[in-house]
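Participant: Need coordinates for the following:
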Amino acid sequence: MQVVFFRHSLLNRGGDKVFLHYANYLVNKGHTVTLYVNRIDTLFSVHPSLDLKKIPLPGTAGTILYAIFRKFQSSLVVVDIIPLVVFMSLRNNALVYFAQDLDTSYYQSSPQKFLVRCFYFLGLKIFRTASISVANKLALELRPLSNGTIDVVQNGVDTAVFYPDSLEEYRSLKGDKKTVLFMVRSDFRKGFDVGDAVFKLLDEKYRGLCQIWAVGEEYTDESLDIVNFGYVSADTLRQLFSSVDLFLYPTRHEGLPLMVLEAMACGCPVVTTEASDEVAQDQVNSIVFPVEDVDGLFQGVYEVLSDERLKQSLKKAGLSTSREHCLDKASSDFEDVLSMHYARLVQPG
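Facilitator: Now for the predicted structure:
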């Protein structure tokens, strides 16, 4: 099977990780895979046999122009942003939209959301592009927008990489303080502002006895005790998850929250929002509150930090949940679905 993966950038986000993992997996299974990308700045590993090609035109405009005018011969093209689906459909018909979230959730303004809905109408209704969704809930959101097939391949966590692995170095860093891991990303969808408000309340409660371990973008606030780790490798993230008291994930919208699964696989209790409810079950494997419920999320964090029995219960259930979302199965399912589309779109009859 010949497959092209196409996207503008390859960075250190969860969506980039999943996209690259499937490309690597297909190469490892003997398929011919080419990844076209414009901007590369990632810690994630690229399979040595993956044909990585730089889009030759600079910037976002360059990626759009290349998507419009480049025709890929006898290839199935996997794209995970709906505008690129539309642009590439002008010269390519063997496309699969790999939906990792609803693209309207990336934007705040009504005109931007309307424009994205227009792209969905063209890409999924008019061009009838086949889709692979990472979550059942996301597939339900996409079905009214589509006349094409929508298959579901739920994200999986690599339990060979993510497992309980507390490190003495990080336990010593904690000292007697309560520690909360926080993924910092300026994307409105990820709820940085909500998490920041929660930490303000938490600081009032603990009076300097709570420490925030931030991964991703830098988190600066002189009123809070913050340790910035920046963008970290999978091994370091595993050790951080395994060493903190809990993971706060105040997201506004998700496909399937991979980082929540990774935390659970490391035995890290999770406090999150209903946007994560594809895997997060309130009072079972996590503590869950409505989106943007600052007071509720604060109470959830405080409850976990204060109740060792609850903490251990969440750890146990979270580990069980992570084992139900195996990356090996997800990868195999993705290959099977892609092979089906490849046979139908590229090799008719």
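Participant: ok, now how distant is V161 from R238?
Facilitator: V161 sits 6 Å away from R238, taking C-beta to C-beta, to the nearest Å as the criterion. Glycine gets a C-beta too; all of them are placed from N, C-alpha and C.
Participant: Show the contacting residues for S146.
Facilitator: For S146, the contact set (C-beta atoms under 8 Å, 6 or more residues apart in numbering) comprises 120, 124-125, 128-129, 131.
Participant: Remind me what the lengthiest helix in the chain packs against, helices and strands.
Facilitator: Longest helix in the chain, counting residues (DSSP state H): helix 327-345. Counting contacts by 3 or more C-beta pairs under 8 Å, 6 or more residues apart in numbering; DSSP states H and E, helix 327-345 packs against helix 14-28, strand 76-79, strand 95-99, strand 130-133.
Participant: so how many other residues sit close to S306?
Facilitator: Neighbourhood size, S306 [other C-beta atoms under 10 Å]: 11.
Participant: measure it to S109 for me?
Facilitator: Distance, S306 to S109, by C-beta to C-beta: 40 Å.
Participant: before we move on, the earlier item: of V161 and R238, which one has the most company?
Facilitator: More neighbours surround R238 than the other of V161 and R238, with 24 against 16 (other C-beta under 10 Å).
Participant: tell me the SS of that one?
Facilitator: Secondary structure, DSSP: H, G, I helix; E, B strand; the rest coil: R238 is helix.
Participant: Confirm for me that it is in contact with A263.
Facilitator: No: when contacts are counted by C-beta atoms under 8 Å, R238 is not listed as touching A263 (9.8 Å).
Participant: all strands for this protein, in order.
Facilitator: For the chain, applying DSSP state E gives strands covering 2-10, 32-40, 51-54, 76-79, 95-99, 130-133, 150-152, 178-184, 210-216, 226-230, 246-249, 270-273, 287-289.
Participant: Of those strands, which stretch is the most buried?
Facilitator: Highest mean neighbour count of the strands of the chain: strand 270-273, a mean of 28 (counted as mean count of other C-beta atoms under 10 Å).
Participant: Return the distance of it from the chain's centre.
Facilitator: Put simply, strand 270-273 sits 15 Å off its chain's centre (C-alpha atoms, centre = their mean, to the nearest Å).
Participant: Looking at that strand now, give me its mean pLDDT.
Facilitator: Strand 270-273 shows a mean pLDDT of 98.
Participant: Can you tell me what sits against it?
Facilitator: Defining contact as C-beta under 8 Å, 6+ apart, one finds that strand 270-273 is touched by 191, 246-252, 257, 260, 263-264, 276, 280, 285-293, 297, 300-301, 304, 314, 318.
Participant: Can you list which of the residues you listed are found in helices?
Facilitator: Counting by DSSP H, the contacts of strand 270-273 place 260, 263-264, 297, 300-301, 304, 314, 318 in helices.
Participant: circling back to that earlier point, could you tell me which of the contacts of S146 count as buried?
Facilitator: Buried members of those, counted by 16 or more other C-beta atoms under 10 Å: 120, 124, 129, 131.
Participant: Would you reformat the helices and strands packed on helix 327-345 as a markdown table and include mean pLDDT?
Facilitator: As requested, those are exported to a markdown table (pLDDT from 0 to 100):
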| stretch | mean pLDDT |
| --- | --- |
| helix 14-28 | 97 |
| strand 76-79 | 96 |
| strand 95-99 | 96 |
| strand 130-133 | 96 |
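Participant: Export those to TSV and append columns for distance to E217.
Facilitator: As requested, those are exported to TSV (distance: least, C-beta to C-beta, whole Å):
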stretch	distance to E217
helix 14-28	14
strand 76-79	26
strand 95-99	25
strand 130-133	28
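Participant: thinking again about what came up before, out of the strands of the chain, which gets nearest to K329?
Facilitator: Proximity to K329 (C-beta to C-beta) singles out strand 150-152 among the strands of the chain, at 12.7 Å.
Participant: any idea of the mean pLDDT for that closest one?
Facilitator: pLDDT averaged over strand 150-152 gives 96.
Participant: Adjacent strands (with direction) for it?
Facilitator: In the sheet, strand 150-152 lines up against strand 130-133 (parallel) (DSSP bridges).
Participant: Which of the helices and strands packed on helix 327-345 sits closest to D165?
Facilitator: Nearest of the helices and strands packed on helix 327-345 to D165, taken as C-beta to C-beta: helix 14-28 at 18.8 Å.
Participant: residue ranges with poor pLDDT in the stretch 201-349 of the chain?
Facilitator: Within the stretch 201-349 of the chain, the segments meeting pLDDT under 70 span 346-349.
Participant: between the contacts of S146, which is closest to A197?
Facilitator: Ranked by distance to A197 (C-beta to C-beta), the contacts of S146 are led by Y120 at 32.0 Å.
Participant: measure the closest one to Y219 for me?
Facilitator: According to C-beta to C-beta, Y120 stands 34 Å off from Y219.
Participant: one step back: now distance to N155 too, for the buried ones among the contacts of S146, in TSV please.
Facilitator: Supplementary listing: these in TSV, determined by distance: C-beta to C-beta, whole Å:
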residue	distance to N155
Y120	21
L124	21
T129	21
S131	15
